[in-house]
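Visitor: I would like to see how this sequence folds:
(chains A, B, C and D)
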There are 2 protein chains.
Amino acid sequence: MQDGDGSGAGGTGSPEPAIEVPAARERARAIPEAAVARLAVYLRVLSGMAEQEVTTVSSEELSAAAGVNSAKLRKDLSYIGSYGTRGVGYEVAVLIGQIERTLGLTRKHSVAVAGIGNLGHALANYGGFPSRGFPVSALFDMDSDLIGVPVGGIPVDHIDDIEQVCIEREVTIGAIATPAQGAQEVCDRLVAGGVACILNFAPVVLQVPEDVEVRKVDLAVEMQILSFHVARRQQDADAPETAGGSGVAGVDGVDVGPPGTSGRMSQEIDPVNRMVERL
Amino acid sequence: MQDGDGSGAGGTGSPEPAIEVPAARERARAIPEAAVARLAVYLRVLSGMAEQEVTTVSSEELSAAAGVNSAKLRKDLSYIGSYGTRGVGYEVAVLIGQIERTLGLTRKHSVAVAGIGNLGHALANYGGFPSRGFPVSALFDMDSDLIGVPVGGIPVDHIDDIEQVCIEREVTIGAIATPAQGAQEVCDRLVAGGVACILNFAPVVLQVPEDVEVRKVDLAVEMQILSFHVARRQQDADAPETAGGSGVAGVDGVDVGPPGTSGRMSQEIDPVNRMVERL
DNA sequence: GGATGTGAAATCCTTCACAGCA
DNA sequence: TGCTGTGAAGGATTTCACATCC
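Guide: Numbering: from 1, shown residues only, chains lettered A, B, ... in the order given. Just a heads-up that it's a prediction; the model follows:
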């Protein structure tokens, strides 16, 4: 998962344990992060079912469609209440309503997009995002050629006006689609503008106050994770059970290191990340 | 993470322990998924440091820059071997090399992009992605106006040719940026073309053979997770310590159901997901 | 009979704290 | 002395399996 937890909120090195509350005592809203993400998926699947006039589902059916196992699904749903009927299943409409309520989808969340490049355009052109739900209500860029130009129906404002505009338009979610260099500053301004939820597409680790929620969408990381799996597969294929006596430990048995390539490939510093600077 | 485990694969209730290997044979590949994702982040941070001529970092410094705590960072690095020097820290160049090796970044991974809409364009225009690393080598769409038109230097092929083209160009990673409707079929074709790693931007849960790795980038889900946090915050603000002594249990205390809103809002079926059909 | 809801076990991940080495 | 590497403790998440109810 993306985490985005407390992060290094300043305390660089200081052993300070932060203001850490006595854990979950506070909010009984104890829905695990992981479950929240899945609820959103269930919601989508359910919507599809509702469209096809399906009125009832069992945990088996829904879980299969959502790609999880049924026990997990039931536990996830149990976090939001008991809306099923034993021996029957769940009413699609009811579940949709309850998940929407839990996710806070019954109110609007104005979105601001910063960085109107390829991705920013794509975001702005979502058709204004869900006509109900997540309306894009502000666009920002620093390119003077773009200022004032409407994209997806909304004129681009200058990045210097973020604070003011966000406050005016009551933006609650900020999407950062700028190049890496500008991302932290844009983030700071969004926060100054009262935006407490950020969706970060820029390949940087944002430093934010702990009351700001950051989710990141990181293409380079995704690609590299996939690359890892390709590599793993290859190794399994190359040496299904070789082991060469290196044993299980493997903790130090990292001699797998390809001869002569150890520190060399880093000559041209990380070509991957260099490129993925802006979507 | 789509999991992709047995899922509905019959295992419904059958006590069959599956083919589950004794875990021992798993060897050194024991790097936790979560750690792999972070390694990619460390790599990026390290690259930035290398660019600035930094040659050595301590776990404290690196972890702060990566937004994790130092113990986690050290544990993550320990999965790939022991490349630090006690009392000193890590050599940036060495770590970069080792992480790249672990993630399989020492070989190329040809990428195919299916669906040349807003997002597909953005992906194709990455400049051909990392000149070394993840070259985009194929583009697909079904819009006949697009076929043959070069985007980001690569001509668009018809989606019917996926299999053939992927095999020819040895595509290892497929990015699906199509509308929801076509995604599963595109996915199936990619798999038929030998693509075992898929990055899915379409808002659907893909069904794939278990040897195919799927990562998904799901805007609607991300937005909804943020929405959840906004809602949680609001509730906390509205009733900072109400709780009514519900304590931790709260398992059943989910009667939080807002009066009169239960099944009503589901009238217009999930406006959110309807919109986010294509980035 | 059939499916939900949920304690409890199992698994995975994170954090602690300290031994060990440069 | 200072920082890495890592067992062990602690949490969080997932899975099991079954009591419970329609």
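
Visitor: for A:V151, name its beta-bridge partners.
Guide: Counting by DSSP bridges, A:V151 is bridged to A:I154.

Visitor: quick one: contacts for it?
Guide: A:116, A:120-121, A:124-125, A:139 (C-beta atoms under 8 Å, 6 or more residues apart in numbering or on different chains). The C-beta positions use only the backbone N, C-alpha and C, and glycine is treated the same way.

Visitor: just A:H229 next, same as before
Guide: B:196-197, B:213.

Visitor: one more time with 7 Å
Guide: B:197, B:213 (C-beta atoms under 7 Å, 6 or more residues apart in numbering or on different chains).

Visitor: same check, this time on A:I176
Guide: Contacts of A:I176 (C-beta under 7 Å, 6+ apart): A:114-115, A:183, A:186-187, A:198, A:200-202.

Visitor: so chain A: which segments form each domain?
Guide: For chain A, automatic domain parsing gives the domain ranges A:33-102, A:110-219.

Visitor: where do the strands of the stretch 1-150 of chain A begin and end?
Guide: If DSSP state E, counting those that start in this stretch is used as the criterion, the strands of the stretch 1-150 of chain A fall at A:56-57, A:84-85, A:89-91, A:110-114, A:136-141, A:150-151.

Visitor: mean neighbour count, those: which tops it?
Guide: strand A:110-114 (a mean of 27; mean count of other C-beta atoms under 10 Å in any protein chain shown).

Visitor: and that one, which strands flank it?
Guide: strand A:136-141 (parallel), strand A:171-176 (parallel).

Visitor: DNA strand D is nearest to which of those?
Guide: DNA strand D lies closest to strand A:171-176 among the strands paired with strand A:110-114, at 21.8 Å (C-beta to the nearest atom of the strand).

Visitor: next helix or strand past the closest one?
Guide: helix A:180-192 (DSSP states H and E).

Visitor: right, is the helix or strand just after that next one up against chain B?
Guide: Downstream of helix A:180-192, the first helix or strand assigned by DSSP H and E is strand A:197-200. Yes - remark: strand A:197-200 sits within contact range of chain B at A:197, A:199, by C-beta under 7 Å from any C-beta of the partner chain.

Visitor: so which elements touch strand A:197-200?
Guide: strand A:171-176, helix A:180-192, strand A:213-216, helix B:219-238 (3 or more C-beta pairs under 7 Å, 6 or more residues apart in numbering or on different chains; DSSP states H and E).

Visitor: can you put these in CSV and add mean pLDDT?
Guide: Formatted as CSV, the helices and strands packed on strand A:197-200 follow (pLDDT from 0 to 100):
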stretch, mean pLDDT
strand A:171-176, 97
helix A:180-192, 97
strand A:213-216, 96
helix B:219-238, 89
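
Visitor: and of the domains of chain A, who's closest to DNA strand C?
Guide: Among these, domain A:33-102 sits nearest to DNA strand C (C-beta to the nearest atom of the strand), with 2.9 Å.

Visitor: report the beta-bridge partners for the closest residue to A:V195 other than its chain neighbours.
Guide: Closest residue to A:V195 apart from its sequence neighbours, by C-beta to C-beta, 6 or more residues apart in numbering or on different chains: A:G174 at 4.3 Å. On the basis of DSSP bridges, A:G174 is bridged to A:A112, A:I198.

Visitor: ok, now which ones touch A:G174?
Guide: Applying C-beta under 7 Å, 6+ apart, the residues near A:G174 are A:112, A:114, A:190, A:195, A:198.

Visitor: and what of A:Y42?
Guide: A:62, A:66, A:99.

Visitor: 10 Å instead, please
Guide: Listed by C-beta atoms under 10 Å, 6 or more residues apart in numbering or on different chains, the contact set of A:Y42 reads A:35, A:57, A:62-63, A:65-66, A:68, A:73, A:76-77, A:90, A:95-96, A:99, B:205.

Visitor: distance to DNA strand C added to the helices and strands packed on strand A:197-200, as TSV?
Guide: Putting the helices and strands packed on strand A:197-200 into TSV (distance: least, C-beta to the nearest atom of the strand, whole Å) gives the following:
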stretch	distance to DNA strand C
strand A:171-176	23
helix A:180-192	22
strand A:213-216	14
helix B:219-238	17
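
Visitor: deepest of those, which one?
Guide: The most buried one of the helices and strands packed on strand A:197-200 (mean count of other C-beta under 10 Å) is strand A:171-176, showing a mean of 27.

Visitor: just checking, A:G182 touches A:V204?
Guide: Yes - using C-beta atoms under 10 Å, A:G182 and A:V204 qualify as a contacting pair, with a distance of 9.5 Å.

Visitor: for the contacts of A:G174, which one is nearest A:R44?
Guide: A:I198 (22.6 Å; C-beta to C-beta).

Visitor: what about the helices in the stretch 1-150 of chain A?
Guide: Using DSSP state H, counting those that start in this stretch, the helices of the stretch 1-150 of chain A run over residues A:33-51, A:59-66, A:70-80, A:92-102, A:118-124.

Visitor: coming back round to it: most neighbours among the contacts of A:V151, please name it.
Guide: A:L139 (29 neighbours; other C-beta atoms under 10 Å in any protein chain shown).

Visitor: which one is that residue nearest to, not counting chain neighbours?
Guide: A:V156 (4.6 Å).

Visitor: in a strand, that's where that neighbour is, yeah?
Guide: Yes - with DSSP: H, G, I helix; E, B strand; the rest coil as the criterion, A:V156 is assigned to a strand.

Visitor: that one: neighbour count?
Guide: 22.

Visitor: show me which residues of chain A are close to DNA strand C?
Guide: A:3, A:5, A:17, A:57-60, A:70-71, A:74-75, A:77-78, A:82-90 (C-beta under 7 Å from any atom of the strand).

Visitor: buried members of those residues into PyMOL, please.
Guide: Buried residues within the residues of chain A next to DNA strand C, by 16 or more other C-beta atoms under 10 Å in any protein chain shown, are selected in PyMOL with:
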select buried, chain A and resi 57+59+60+70+77+83+84+89+90
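
Visitor: and DNA strand D, which of the residues of chain A next to DNA strand C contact it?
Guide: Answer for these near DNA strand D (C-beta under 7 Å from any atom of the strand): A:71, A:74-75, A:85-88.

Visitor: which of the contacts of A:Y42 has the most neighbours?
Guide: In terms of neighbours by other C-beta under 10 Å, the contacts of A:Y42 top out with A:L95 at 28 neighbours.

Visitor: pLDDT at that one, what is it?
Guide: pLDDT, A:L95: 98.

Visitor: cool, A:A30 as well?
Guide: 87.

Visitor: so where's the stretch 1-150 of chain A uncertain?
Guide: A:1-29, A:127-132 (pLDDT under 70).

Visitor: what sits against the residue nearest to A:L139?
Guide: By C-beta under 10 Å, 6+ apart, the neighbours of A:V156 are A:113, A:116, A:120, A:124, A:138-143, A:145-150.
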